[in-house]
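**Q** kindly generate the corresponding structure for this input.
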Amino acid sequence: MKTRSMAALTAILVVAPFIAVAPGPQAAAAQARPGGSARSAASTLVGGIDLDTVTIPELQARMGRGSLSSVRLTLAYLRRIKAVDPKINAVLRTSPTALAEAAASDIRHRLGRTRGPLDGIPVLLKDNVNTRDMPTTAGSLALAGKPPATDAELVTKLRAGGAVILGKANLSEWANFRAATPTSGWSAVGGQTHNPYVLDRNPCGSSAGSAAALAASLAQVAIGTETDGSIVCPAGMNAVVGLKPSLGVVSQSGVVPISAEQDTAGPMARNVIDTALTLSVLGGGDPAPGLTDAAAGPGALRGQRIGLWRLPVLGTEVDALMTRTAERLRAAGAEIVEVDLPYQDRLGELEFPALLSEFHRDIDAYLATRKGPRDLAELIEFNRAHPREQTCFAGQELFEQALAAPPTTDPEYLAMRAELADLSRRSIDEVMAEHGLDAIASPANPPAWTTDCGRGDNDVIPSSTPAAVAGYPSLSVPAGFVGELPVGLLLMAGNHQDADLLSLGAAVEHRLDGRHAPRYLPTLPTG
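**A** Okay, here's the model as predicted:
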């Protein structure tokens, strides 16, 4: 009897919103006018809140009072995906069970049995994260068949925490580890994702769909993955927040790999508090109580010592933005010290050859768990036989180089990875110790380049490498704009200083106020 009652209540909660929003005569007339329905469905306003700016604590407070339901929130995001995503092509698919999960969360809220900060919160997953009820493709037709047998461990944690799995986000195919000159945000499964700020510009990095969807307010939070730059660059280029956690904080079980030595999934959101709360569910730990209050305090940055690594290679406009950023942080009481990180040339020489060996090992192990090509050699043959895999760029040079790379038991490889670990950690640790720093800051990205399949990416972004190779945390926070194009401030710190970095990031976010909603400009004016 009790089970039947719960099932009936779930059905009522799922169906009722559809009844409540059925258009009456006036609404139908409005929808019949040019742009009427699009204007309504594309609105970021729901129940007196603005999806573009609302935080998870604010949503939970409303759900706790009963003035907002998870079903209503989830419906709002599903409607925005339908109305807005055709402009940016960030969402591959929505989950058929999202509304049922939201209804179950509403029951828990009514009974006072919520499971944590993400209960009832809609989350998008990058499509290299295994889900048992939806395809997981890494953007490749080779994996576009039957879904994996089990969820990734991080998805199991999200479900256990009551999160609503909203759907899967597009990505750069194989997380940008296929061609020598790839185009970020393109996959054979999903096509090209566009930057919401200027639609002919690139969203950057392999977590392109996750970042673009957040910028367009198509989910409350999203999950990205990074080997080197694939969370923090898309976050910066789409004016959202992205955390690459310390290596090992978030399980990689069930995530399509590049390298176990550098890969990590991580949370992305439109603000730091939501990012921190999502990390607490993914990795287990302090859910950052009081983070918002601490960040808003007048002395939150006073006495903080931050090293500024300028990276003038990213251009004079980005450097000017970093100068303005430093001035604002100094005005808030932070001490800004100009620094330069050593050993970067050597890291650049060693990282790619090491990743080739690791990719061959790790992708073979992953493919053995899935239907389709059973190893890297079969995957290469699949791409040669399927023309759709070559519609933006034909190359798979990295696959071919990885196939020929020495195994990870080879002494030369072992020496490379040991030197990488040593130099990357020293590049951060020594600079922080020498200057007594709490963190190191640098630009996360250049202004977005024009997407061009023929040319490929136009990216020179060295700021992500030290923390990525070291396995240390890094956090991208919106810093401002170069014209219409967002630029992020990348903060990095020592190993497992994720919580401290998030606290600092919240204070920096509050002082910079470097984000505004996108305008979906088709292009920039010439000149």
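**Q** measure how buried residue 323 is and give me the count.
**A** 11 (other Cβ atoms under 10 Å). C-beta coordinates here come from the backbone N, C-alpha and C atoms, glycine included.
**Q** and the contacts of the helix or strand hosting it?
**A** Using DSSP states H and E, residue 323 maps to helix 316-331. Contact partners of helix 316-331, identified using Cβ atoms under 8 Å, 6 or more residues apart in numbering, comprise 301, 306, 308, 310-312, 336, 441-443, 446-447, 479-483, 487, 489, 508, 511-512.
**Q** which of these fall in helices?
**A** Members of the contacts of helix 316-331 lying in helices (criterion: DSSP state H): 508, 511-512.
**Q** output the lowest mean pLDDT helix or strand found in this structure.
**A** Lowest on mean pLDDT, DSSP states H and E among the helices and strands of the chain sits helix 25-32, with a mean of 36.
**Q** ok, now which ones touch residue 392?
**A** Applying Cβ under 8 Å, 6+ apart, the residues near residue 392 are 183, 186, 192, 453.
**Q** tell me the contacts of the third one?
**A** Read that as residue 192. Residue 192 neighbours (Cβ under 8 Å, 6+ apart): 89, 183, 185-186, 392, 451, 453.
**Q** so which residues of the stretch 351-500 of the chain form helices?
**A** Here the stretch 351-500 of the chain has its helices, by DSSP state H, counting those that start in this stretch, at 376-385, 397-404, 411-435, 465-470, 498-512.
**Q** what's the closest of these to residue 275?
**A** helix 498-512 (6.9 Å; Cβ to Cβ).
**Q** hang on, the earlier thing: the contacts of residue 392 in strands, which ones?
**A** 186, 192 (DSSP state E).
**Q** now list the buried members of the contacts of residue 392.
**A** 183, 186, 192 (16 or more other Cβ atoms under 10 Å).
**Q** and which of those residues is nearest residue 120?
**A** Looking across these and measuring by Cβ to Cβ, the closest to residue 120 is residue 192, at 32.4 Å.
**Q** can you tell me who the closest one pairs with across the strands?
**A** residue 186 (DSSP bridges).
**Q** ok, now how distant is it from residue 186?
**A** 5 Å (Cβ to Cβ, to the nearest Å).
**Q** likewise for residue 53?
**A** 30 Å.
**Q** now do residue 172
**A** Distance from residue 172 to residue 186, by Cβ to Cβ: 7 Å.
**Q** who touches both of these two?
**A** residue 139.
**Q** phi, psi of the spatially closest residue to residue 151 that is not a sequence neighbour?
**A** In space, and not counting its chain neighbours, residue 151 is closest to residue 132: 5.1 Å by Cβ to Cβ, 6 or more residues apart in numbering. The phi/psi pair for residue 132 (degrees, to the nearest 10) reads phi -70, psi -20.
**Q** likewise for residue 243?
**A** phi -110, psi 120.
**Q** what's across from it in the sheet?
**A** Bridge pairing for residue 243 - DSSP bridges - gives residue 475.
**Q** before we move on, back to that, a markdown table for the buried ones among the contacts of residue 392, including pLDDT and distance to residue 147?
**A** Shown next, in a markdown table, are the buried ones among the contacts of residue 392 (pLDDT from 0 to 100; distance: Cβ to Cβ, whole Å):
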| residue | pLDDT | distance to residue 147 |
| --- | --- | --- |
| 183 | 97 | 27 |
| 186 | 98 | 23 |
| 192 | 98 | 24 |
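**Q** distance to residue 463 added to the contacts of residue 192, as a markdown table?
**A** Converted to a markdown table, the contacts of residue 192 look like this (distance: Cβ to Cβ, whole Å):
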| residue | distance to residue 463 |
| --- | --- |
| 89 | 27 |
| 183 | 21 |
| 185 | 20 |
| 186 | 23 |
| 392 | 26 |
| 451 | 22 |
| 453 | 26 |
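**Q** and those, which two are furthest apart?
**A** Using Cβ to Cβ, the two most remote members of the contacts of residue 192 are 89 and 453, lying 14.2 Å apart.
**Q** ok, now how distant is the closest residue to residue 383 other than its chain neighbours from residue 141?
**A** Counting by Cβ to Cβ, 6+ apart, residue 389 is the residue found nearest to residue 383 once chain neighbours are left out, at 4.6 Å. Distance, residue 389 to residue 141, by Cβ to Cβ: 6 Å.
**Q** the more surrounded of the two?
**A** The neighbour comparison of residue 389 against residue 141 (other Cβ under 10 Å) goes to residue 389, with 22 against 17.
**Q** surely that one and residue 188 touch.
**A** Yes - Residue 389 is in contact with residue 188 according to Cβ atoms under 8 Å; the separation is 4.8 Å.
**Q** what touches both of the two?
**A** 140-141.
**Q** which stretches of the stretch 301-450 of the chain aren't confidently modelled?
**A** In the prediction, the stretch 301-450 of the chain carries no residues with pLDDT under 70.
**Q** for stretch 85-105, measure first residue to last.
**A** 26 Å (Cα to Cα, to the nearest Å).
**Q** one step back: just the buried subset of the contacts of helix 316-331, please.
**A** The buried subset of those - by 16+ other Cβ under 10 Å - is 301, 306, 308, 310-311, 336, 441-443, 446-447, 479-482, 487, 489, 508, 511-512.
**Q** near residue 430, how many other residues are there?
**A** Neighbours of residue 430 (other Cβ under 10 Å): 13.
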